[in-house]
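K.L.:
this one's structure only:
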C-alpha cells in the first residue's frame with residue numbers, strides 16, 4: 001500500500017460496476033482520484049450530447065460522494081491538466097478506459113507516451129466494448145466488412161463476467177482543487193429544449209441497471225417483434241446509457257445470455273443488437289473514414305445534394321415533410337432526445353434517397369440532437385441507410401415510408417402521438433414538440449399539415465434513376 005494516488009480519468013464510463021480501470025486502481029490499495037476533463041473533444045459535441053454529458057457527470061459525482069470520494073473537474077488540454085494533477089497530487093499513475101474514435105486515439109496516444117516519458121505509469125483498459133476491435137479477425141487475418149459473418153465469429157466467444165463495484169475508494173490525504181460543473185454551462189445550446197427533454201432522460205448507473213432489469217423481465221421475450229413497433233414500449237432504451245458508459249456492454253450481454261437460456265424468444269435478437277454496436281466500432285477502428293467519407297469509395301462520385309439549409313432539408317429537420325412516419329420520428333427526437341430505431345431508418349432513407357441529400361447532413365443533425373449519440377453507431381447507421389456503407393443488401397433498397405407506417409403502425413398510434421396538426425385533440429407529446437423547437441422556426445399546432453415534399457412513390461423513382469445514371 002502506498003500514499004501516492006492513482007488518477008482515474010473518466011470520459012464515457014460513468015459507472016462504478018464493471019469498470020476495469022477503477023477496479024485495477026482500487027486493487028493496488030492506493031488512493032484514487034477520479035477526474036473528468038472538459039477538453040476540445042467535449043467542446044466539439046453537439047447540443048444534446050453535451051447537455052446529456054453534463055447530467056451524467058453530475059450524477060456520477062453524487063455516486064462517488066456516496067462512496068466517500070470526489071470527482072475532480074478541470075477544463076483545458078487533457079494532457080496539460082493531467083500533468084498539473086500529477087504535480088499537485090504526486091500521482092504515480094493515470095488509468096483510463098479506452099475510446100476508439102480517431103480523435104480520441106490520437107489524444108490518448110500522445111498522453112500515454114508523454115506521461116511514460118515523465119515517469120508516470122499511464123495505462124488504458126477495456127470496458128466500453130465486448131471485444132477489442134483488433135481481436136476479431138477473418139480466417140485470412142483481415143477485418144469483417146459484413147455483419148452476419150462478424151456475428152457468427154463472436155456469438156460464442158467468452159465474455160468476461162462483470163466486475164463488482166468497489167466497496168470503497170481510498171481517498172488521498174489532500175484533494176486537488178476542482179472546477180464548478182455549473183460554471184461550464186454545458187446546457188447552453190439546448191435552450192428551452194432541455195426542460196422538455198429532461199423528463200425522458202434515464203440518468204445514471206442505478207437507472208441504467210433498473211432499465212436493463214425491466215427489459216429482461218417484461219420486454220425481451222417479444223423483442224424480436226416489438227422492436228419494430230414504434231408505438232410500443234418494446235425496446236431496451238439502453239443506447240442512452242451505453243453511450244456514456246452508465247452501464248457496460250458486458251452487463252447487457254450476460255443478462256441477455258441468461259434470458260436466452262431461460263427460453264425467452266427475443267433474447268438472441270437483443271444479443272445481435274449488442275454485436276451490431278460492436279460491428280460499428282470494428283469498422284470505425286479499421287476504416288476511420290466511416291465517420292467522414294463514403295465507406296464505399298465508389299460512392300464518392302454520387303451527386304448528393306449538399307445544401308443543409310435548403311427548403312427540403314429544413315422541412316426534414318422540422319418534421320414537416322408531409323410524410324407522417326418521417327415527421328413523427330423527427331418530432332419524437334426533439335421531445336425525447338432519442339428516436340425509435342425503425343424511425344431512424346425511415347428518416348435516414350427519406351433524406352438520402354427521396355431527397356438525394358448527403359448522409360453527412362443527417363449525421364451532423366443527429367449529432368446535434370441525440371442524447372444517445374455514439375460516434376460509431378451514428379456513422380454506420382447513416383451510411384447503412386444511404387447505401388454508401390456496410391450493407392449487404394443492394395444499394396437500390398428504398399424504404400417506402402408510407403407502407404412502412406402501415407406495416408409497423410397500423411392504427412396510427414405513433415403518428416397521432418407525435419403529430420398535432422389537424423388532430424381534434426392532439427396528444428401532450430405532440431404539443432410539447434412546439435415547446436422544444438427553436439422559436440425561430442415559428443411553427444404552430446394550428447397550422448395546416450403540409451403536403452409531401454416528395455411523395456413516397458416519386459422519391460423511389462428519383463432515387464433509382466439517380467443510381468442508374470451513375471452506373472451503380
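P.N.:
Done, it's in. Because the structure is a prediction, the values reported are computed rather than measured. Numbers count the residues shown, from 1 in each chain.
K.L.:
mind checking how far the helix or strand of the chain with the lowest mean pLDDT is from the chain centre?
P.N.:
Here the helix or strand of the chain ranked lowest by mean pLDDT, DSSP states H and E is helix 456-469, holding a mean of 88. Here the centre of helix 456-469 is set off from its chain's centre by 31 Å, with CA atoms, centre = their mean, to the nearest Å.
K.L.:
Walk me through the domains of the chain.
P.N.:
Domain assignment for the chain by automatic domain parsing gives 1-126, 129-161+189-286, 297-469.
K.L.:
Which elements pack onto the least confident helix or strand of the chain?
P.N.:
Counting contacts by 3 or more CB pairs under 8 Å, 6 or more residues apart in numbering; DSSP states H and E, helix 456-469 packs against helix 401-408. To be clear about C-beta, it is placed using only N, CA and C from the backbone, and glycine gets the same treatment.
K.L.:
For residue 300, give me its contacts.
P.N.:
Shown in contact with residue 300 (CB atoms under 8 Å, 6 or more residues apart in numbering): 293-294.
K.L.:
at 7 Å what do you get?
P.N.:
Going by CB atoms under 7 Å, 6 or more residues apart in numbering, residue 300 touches residue 294.
K.L.:
Ok, which of the domains of the chain comes nearest residue 180?
P.N.:
Distance to residue 180, taken as CB to CB, is lowest for domain 1-126 among these, at 7.6 Å.
K.L.:
Looks to me like residue 429 is in a helix.
P.N.:
Yes: using DSSP: H, G, I helix; E, B strand; the rest coil, the assignment for residue 429 is a helix.
K.L.:
on that earlier part again, could I get the domains of the chain in a markdown table, plus columns for distance to residue 173?
P.N.:
As requested, the domains of the chain are exported to a markdown table (distance: least, CB to CB, whole Å):
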| stretch | distance to residue 173 |
| --- | --- |
| domain 1-126 | 7 |
| domain 129-161+189-286 | 28 |
| domain 297-469 | 38 |
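K.L.:
tell me which residues in stretch 26-43 are buried?
P.N.:
26, 28, 30-39, 42 (16 or more other CB atoms under 10 Å).
K.L.:
Which of those sits closest to residue 8?
P.N.:
Nearest to residue 8 among these: residue 34, at 5.0 Å, using CB to CB.
K.L.:
Is it correct that that closest one is in contact with residue 69?
P.N.:
Yes: Residue 34 is within contact range of residue 69, at 6.2 Å (criterion: CB atoms under 7 Å).
K.L.:
check contacts around residue 398.
P.N.:
Going by CB under 7 Å, 6+ apart, residue 398 touches 349, 353, 460, 463.
K.L.:
among those, which two are most distant?
P.N.:
Going by CB to CB, the pair spanning these furthest: 349 and 460, at 10.0 Å.
K.L.:
Name the residue in these two with the higher neighbour count.
P.N.:
Each of residue 349 and residue 460 has its neighbours counted (other CB atoms under 10 Å); residue 349 has more, 25 against 18.
K.L.:
And the more buried one, how far from residue 397?
P.N.:
The spacing between residue 349 and residue 397, counted by CB to CB, to the nearest Å, is 8 Å.
K.L.:
which other residues reach the longest strand seen in the chain?
P.N.:
Longest strand of the chain, by residue count under DSSP state E: strand 32-38. Here strand 32-38 makes contact (CB under 7 Å, 6+ apart) with 5-10, 25-26, 57, 64, 69-75, 78, 81, 85, 89, 91, 169-170, 172, 184.
K.L.:
And stretch 268-280, by the same measure?
P.N.:
Identification of contacts with stretch 268-280 by CB under 7 Å, 6+ apart yields 129-131, 147, 150-151, 154, 220, 223-224, 227, 236, 249, 252-253, 256, 260, 376-377, 380.
K.L.:
among the residues you listed, which are in helices?
P.N.:
Per DSSP state H, helices hold the following members of these: 147, 150-151, 154, 223-224, 249, 252-253, 256, 260, 376-377, 380.
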